[in-house]
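1. no sequence on this one, just coordinates:
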């Protein structure tokens with residue numbers, strides 16, 4: 001069992017974006033401009049912000065000779081160095097393939113295999129979590145997902161039991177389940193907290209956006225405002241408000257100071273909260289008399305390249321395990337995953353290739369503490385997460401697709417438009433008179449006070 005300790009966020013630095021660094025040697029001498037540096041700041045209200053500092057303008061006196069400053073080429077960090085950066089915030093972190101290899105070996109020793117077990121995955125709804133889901137399903141087959149924003153569990157007992165009822169049944173009638181639960185966070189290759197590059201979006205995105213929004217709400221309003229009675233939530237934003245309520249009550253319970261709480265810290269709070277919620281639902285839904293189960297929880301960490309291009313940094317996935325245990329015939333056994341031997345680089349490559357649509361990782365390096373780390377290939381990110389058949393990298397805008405550029409307008413496209421018939425169009429519009437998700441409900445007479 002691991003404890004995800006809290007770590008302070010270190011300031012992050014962005015790569016130099018001045019003209020000389022991008023262009024290399026110039027035929028005409030020019031003054032080097034200071035780099036535009038992205039810095040993380042906390043406003044007076046405590047809201048976490050990321051901004052870019054403007055470059056200063058350097059002038060040269062008439063007749064003076066401008067000196068050329070040679071661009072400083074910063075070597076790319078090794079996987080071991082990047083692993084060390086991640087461990088500062090998540091001490092138990094290891095490469096995702098290394099993690100899944102140890103999980104598979106350990107669980108097989110207790111009788112859990114892809115042939116006799118159903119995986120129950122609880123991740124954030126963000127499509128970037130698909131990387132971990134693909135690796136889980138490469139071992140255990142299609143999983144039953146209970147995903148929610150930030151990893152919040154909203155499926156309830158009925159949703160949990162629905163997934164369990166799909167489990168393979170062994171001889172003798174016994175069933176086996178493996179529960180995976182992971183909130184996620186992005187820390188890109190340059191150490192920028194929460195920053196993530198997505199295929200088809202040239203600017204930096206965020207992960208986890210839901211947790212960052214909640215963190216800023218806590219810093220602005222405190223946690224008491226979000227500590228509501230269970231069951232009270234915004235009908236138009238149920239998952240976020242339920243997650244915010246659960247985290248607020250946990251922060252209050254742990255007596256944490258929101259003034260110093262950062263994104264890694266709140267992500268760890270989310271892991272502890274979601275793990276407890278999962279275990280509470282397991283108590284309500286699983287019958288140990290007829291089923292064995294395992295629980296694997298932690299934090300999924302996206303350490304992707306700042307630019308998704310062939311010349312950019314490699315993209316890496318880490319997992320910081322928190323809890324790992326099995327319950328077989330009612331007996332709980334905790335598993336110390338770091339004590340499970342790591343797979344060899346060749347074995348890691350074979351595992352990762354199967355989970356990456358047959359795309360082999362080109363770069364596998366040793367991390368720290370005996371972990372073996374493999375990259376997430378650019379081709380996988382662009383084609384699987386981006387769904388692209390045309391992009392060669394993920395750092396540019398998505399390719400446009402216009403029917404006028406590709407083919408002539410066929411006559412059948414005119415016939416399929418419902419607005420050619422106003423009566424038919426009216427029948428498919430939303431019924432504005434029907435009750436909405438937030439429309440008021442009259443008080444039932446049974447709740448009225450006696451007259």
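-> It's in. None of the values given here were measured: they were computed from a predicted structure.
2. how about the residue most central in space within the chain: what's its closest non-neighbour residue?
-> Ranked by distance to the mean C-alpha position of the chain (CA atoms, centre = their mean), the top residue is residue 184 at 3.8 Å. Distances taken as CB to CB, 6 or more residues apart in numbering place residue 300 nearest to residue 184, at 4.0 Å, with adjacent residues excluded. C-beta here means a position set from N, CA and C on the backbone, and glycine is covered the same way.
3. quick check: that neighbour is in a helix.
-> No: using DSSP: H, G, I helix; E, B strand; the rest coil, the assignment for residue 300 is strand, not a helix.
4. okay, now the nearest residue to residue 188 once chain neighbours are set aside: neighbour count?
-> Among residues not flanking residue 188 along the chain, residue 195 sits closest, at 4.6 Å (CB to CB, 6+ apart). Residue 195: 23 surrounding residues under other CB atoms under 10 Å.
5. now residue 373
-> 28.
6. who are the packing partners of the longest helix seen in the chain?
-> Taking DSSP state H as the criterion, the chain has its longest helix at helix 263-285. On a contact count with 3 or more CB pairs under 8 Å, 6 or more residues apart in numbering; DSSP states H and E, helix 263-285 meets helix 156-164, strand 175-182, strand 184-186, helix 209-221, helix 238-253, strand 291-303, strand 315-328.
7. for residue 357, find the nearest of these.
-> For residue 357, the closest of the helices and strands packed on helix 263-285 is strand 315-328, at 15.1 Å, according to CB to CB.
8. would you pull up how far that closest one lies from the middle of the chain?
-> Here the centre of mass of C-alpha atoms in strand 315-328, compared against the chain's by CA atoms, centre = their mean, to the nearest Å, lies 14 Å away.
9. ok, now stretch 114-125?
-> 16 Å.
10. again with stretch 346-365
-> With CA atoms, centre = their mean, you get 20 Å for stretch 346-365.
11. still on that earlier bit, can I get the helices and strands packed on helix 263-285 in a markdown table including distance to residue 380 and mean pLDDT?
-> Output for those, formatted as a markdown table (distance: least, CB to CB, whole Å; pLDDT from 0 to 100):
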| stretch | distance to residue 380 | mean pLDDT |
| --- | --- | --- |
| helix 156-164 | 27 | 91 |
| strand 175-182 | 19 | 96 |
| strand 184-186 | 17 | 96 |
| helix 209-221 | 22 | 94 |
| helix 238-253 | 28 | 93 |
| strand 291-303 | 13 | 96 |
| strand 315-328 | 9 | 95 |
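12. among these, which comes closest to residue 146?
-> helix 156-164 (6.0 Å).
13. pull out the buried positions in the closest one.
-> Buried residues in helix 156-164, counted by 16 or more other CB atoms under 10 Å: 160, 163-164.
14. against residue 311, how distant is the residue lying closest to residue 316 once chain neighbours are set aside?
-> With CB to CB, 6+ apart as the criterion, residue 316 has its nearest non-adjacent residue at 4.3 Å, and that residue is residue 303. Counting by CB to CB, to the nearest Å, the gap from residue 303 to residue 311 is 18 Å.
15. low-confidence ranges in the chain?
-> Residues of the chain that meet the criterion pLDDT under 70 lie in 1-74, 387-433, 436-438, 444, 446-451.
16. which parts of it are helices?
-> With DSSP H as the criterion, the chain has helices spanning 19-23, 79-87, 96-108, 130-140, 156-164, 209-221, 238-253, 263-285, 345-355, 378-380, 403-406, 411-415, 422-428.
17. mind putting those into JSON lines with distance to residue 173?
-> Converted to JSON lines, the helices of the chain look like this (distance: least, CB to CB, whole Å):
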{"stretch": "helix 19-23", "distance to residue 173": "65"}
{"stretch": "helix 79-87", "distance to residue 173": "44"}
{"stretch": "helix 96-108", "distance to residue 173": "21"}
{"stretch": "helix 130-140", "distance to residue 173": "20"}
{"stretch": "helix 156-164", "distance to residue 173": "14"}
{"stretch": "helix 209-221", "distance to residue 173": "40"}
{"stretch": "helix 238-253", "distance to residue 173": "36"}
{"stretch": "helix 263-285", "distance to residue 173": "18"}
{"stretch": "helix 345-355", "distance to residue 173": "31"}
{"stretch": "helix 378-380", "distance to residue 173": "40"}
{"stretch": "helix 403-406", "distance to residue 173": "56"}
{"stretch": "helix 411-415", "distance to residue 173": "55"}
{"stretch": "helix 422-428", "distance to residue 173": "48"}
